[in-house]
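Q: need a 3D model of the sequence below.
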Amino acid sequence: MNIHFIAIGGSAMHNLAIALHNKGYRVTGSDDAIFEPSKSRLSNKGILPLTFGWYPEKITKDLDAIILGMHAKPDNAELLKAQELGLKIYSYPEFLYEQSKQKTRVVIGGSHGKTTITSMILHVLNYHNINVDYMVGAQLEGFDTMVHLTEENEFIVLEGDEYLSSPIDRRPKFHLYKPNIALLSGIAWDHINVFPTFENYVEQFSIFTDSLTPGGIMVYNQEDKQVKNVVENSENQIKKYPYHTPNYTIEDGTTLLDTPEGDLPLEIFGKHNLQNLAGAKWICQHMGVGEEEFYEAIESFKGASKRLEKIAEKKSAVIFKDFAHSPSKVQATTTAVKNQYKNRNVLACLELHTYSSLNAEFLKEYEGALDQADKAVVFYSPDAVAIKQLDEVSAQQIKEAFKREDLIIYTNPDDFKKFLFEQNFENSATLLMSSGNYGGLDFEEVKQLIS
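A: The predicted structure follows:
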């Protein structure tokens, strides 16, 4: 098949392009800018566009399909040409469904934890040499790509994102997969630029639950009130399997999981990660992996990239990088670090970077999110607020929203870096939470702070 990607450079898009190239498809693509690591990875496969920009002449009747990325606009010149020629245009999730119609589709959904749970499942399957197709939202240790597609594998494991499918398809991605087996980890309002009310956001998870194939399996976090309500009130004819936080203890900075075989030391920690593990175990069991086999494999799971990722450690200090940015994720991650290192000073640094987090009205959702930290810092860029065309937010608004009088606030990247590099890291645990990079912070330099 001849496939052309409009906006090939995105994290998900370039991984799908590589997966199809590896499968033997002829792949071409366009984008107006492509950054690392997408650029090198596409180049290594010989599918990096020679020049950046949009070229309608690339769109011909010889193409079997177009895959349209979210980065493109509805008036994109290549998209308009494809529509004019009547070519088949797929969104990313639509195409993944087409590739997996004959497979058992396992979809992991939820406002938080879905990347980690998907990663846990793939780690366990990989450990036991069980081959599956997959799509996950982070680069995993031991996996070459974030997307893998074959003709022969029975299962496909998909991370089910609730964000929009494409510029011309405003349905949430996870509505398109029609799972045979699914999981819901938690529901906490996010993407307010798309889902303006909490009720509207929750509705998307009800639609997802009702999209399971009849007789399908839903594994769900019964400790999350919204998830419990959505799943247990669904009239879809599906089997429902609740899970909850397993029993565990913490000794000398190591989390020990209570199992039938005794205490199991884990590389990961935090109540939310233990919940994720419980959900992943149920899914793996439904895919044929026994409980004992699951525990054997999960012991070596170190976590997904940027999810409580330990970037530096010495005897009396540790630094973590985490993707957390929504209020519930920030609170869960900060609490997890404090519980793991009760006798250390926890410094929690949060960058407000997304559309939701920089919205003056949404800010109040962050109340108490950083309370568990001994010292708390918020960084945000007024430029990012302007770029997103949001009303200006003040330091005072942020302080009032978090309800923390000693909150330290920075808007200048150099000032934040100076603060960070002047800290005393003895007997400390530092947490850097952001979906950005604090205006250009070099994490390789940060690692040296405690080396």
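Q: tell me where the protein has helices.
A: Ranges of helices within the chain are 11-22, 38-44, 77-85, 92-99, 114-127, 198-210, 225-232, 271-286, 291-298, 327-340, 382-387, 395-402, 413-421, 443-447, based on DSSP state H.
Q: which stretch among the ones you listed is buried most, on average?
A: helix 114-127 (a mean of 25; mean count of other CB atoms under 10 Å). C-betas here are computed from N, CA, C, even on glycine.
Q: quick check: mean pLDDT across that one?
A: Taken as a whole, helix 114-127 carries a mean pLDDT of 95.
Q: how far does it sit from its chain's centre?
A: Its chain's average C-alpha position is 13 Å from that of helix 114-127, according to CA atoms, centre = their mean, to the nearest Å.
Q: what's that helix packed up against?
A: strand 104-109, strand 155-160, helix 271-286, helix 291-298 (3 or more CB pairs under 8 Å, 6 or more residues apart in numbering; DSSP states H and E).
Q: that one vs strand 104-109, what angle?
A: 140 degrees (axes from the mean of the first three to the mean of the last three CA atoms, to 10 degrees).
Q: and the contacts of helix 114-127?
A: Here helix 114-127 makes contact (CB atoms under 8 Å, 6 or more residues apart in numbering) with 106, 108, 110, 131-132, 134, 136-138, 140, 142-143, 157-161, 183, 185, 273, 276-277, 279-280, 283-284, 287, 289, 293-294, 296-298, 300-301, 303-304, 307, 323.
Q: so where's the stretch 301-450 of the chain shaky on pLDDT?
A: 355-357, 384-391 (pLDDT under 70).
Q: let's go with 80 and repeat that
A: For the stretch 301-450 of the chain, the stretches with pLDDT under 80 are 304-306, 324, 353-361, 382-393, 435.
Q: in it, which spans are strands?
A: 309-314, 317-322, 345-352, 375-380, 408-410, 428-433 (DSSP state E, counting those that start in this stretch).
Q: let me know which of the ones you listed is the nearest to residue 173.
A: Of all these, strand 317-322 sits nearest to residue 173, with 22.9 Å by CB to CB.
Q: what helices or strands is that closest one leaning on?
A: Strand 317-322 packs on strand 309-314, strand 428-433, helix 443-447, going by 3+ CB pairs under 8 Å, 6+ apart.
Q: most tightly packed of those?
A: strand 428-433 (a mean of 24).
Q: can you list the neighbours in contact with it?
A: Counting by CB under 8 Å, 6+ apart, 316-325, 329-330, 333-334, 337-338, 340-341, 344-351, 373, 423, 438, 441, 443, 446 sit against strand 428-433.
Q: and with 7 Å instead?
A: 317-322, 324-325, 330, 333-334, 337, 341, 344-351 (CB atoms under 7 Å, 6 or more residues apart in numbering).
Q: that strand pairs with which strands?
A: strand 317-322 (parallel), strand 345-352 (parallel) (DSSP bridges).
Q: quickly list the domain ranges of this structure.
A: 2-87, 95-298, 309-450 (automatic domain parsing).
Q: thinking again about what came up before, make a markdown table out of the helices and strands packed on strand 317-322 and add distance to residue 32.
A: Converted to a markdown table, the helices and strands packed on strand 317-322 look like this (distance: least, CB to CB, whole Å):
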| stretch | distance to residue 32 |
| --- | --- |
| strand 309-314 | 30 |
| strand 428-433 | 30 |
| helix 443-447 | 27 |
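Q: so which of these is nearest residue 81?
A: helix 443-447 (40.8 Å).
Q: name the surrounding residues that touch that closest one.
A: In contact with helix 443-447 (CB under 7 Å, 6+ apart) are residues 311-312, 319, 321.
Q: of these, closest to residue 27?
A: Once CB to CB is applied, the member of the contacts of helix 443-447 that ends up nearest residue 27 is residue 321, at 32.0 Å.
Q: for that closest one, list each beta-bridge partner.
A: Bridge pairing for residue 321 - DSSP bridges - gives residue 309, residue 432.
Q: OK, contacts around it?
A: 306, 309, 311, 432, 443.
Q: any chance of the residues you listed in a markdown table, plus distance to residue 58?
A: As requested, the contacts of residue 321 are exported to a markdown table (distance: CB to CB, whole Å):
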| residue | distance to residue 58 |
| --- | --- |
| 306 | 34 |
| 309 | 38 |
| 311 | 40 |
| 432 | 40 |
| 443 | 37 |
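Q: hmm, back to that, take the strands paired with strand 428-433 and write them to a markdown table, including distance to residue 88.
A: Output for those, formatted as a markdown table (distance: least, CB to CB, whole Å):
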| stretch | distance to residue 88 |
| --- | --- |
| strand 317-322 | 39 |
| strand 345-352 | 40 |
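Q: who wins for proximity to residue 28 among the ones you listed?
A: Using CB to CB, the nearest of the strands paired with strand 428-433 to residue 28 is strand 317-322, at 34.8 Å.
Q: now do the closest one: distance to the chain's middle.
A: Distance, centroid of strand 317-322 to centroid of chain: 18 Å (CA atoms, centre = their mean).
Q: so it versus strand 309-314, what angle?
A: Using the same axes, to 10 degrees: strand 317-322 against strand 309-314 is 170 degrees.
Q: returning to what we had before: can I get the strands of the stretch 301-450 of the chain in CSV with distance to residue 399?
A: Compiled in CSV, the strands of the stretch 301-450 of the chain are given as follows (distance: least, CB to CB, whole Å):
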stretch, distance to residue 399
strand 309-314, 28
strand 317-322, 22
strand 345-352, 13
strand 375-380, 8
strand 408-410, 7
strand 428-433, 18
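Q: of all these, which one is nearest residue 220?
A: That would be strand 317-322 among the strands of the stretch 301-450 of the chain, by CB to CB, at 24.2 Å.
Q: return the set of buried residues in that closest one.
A: Counting neighbours by 16 or more other CB atoms under 10 Å, one finds that the buried residues in strand 317-322 are 317-322.
Q: try stretch 339-347
A: 340-341, 344-347.
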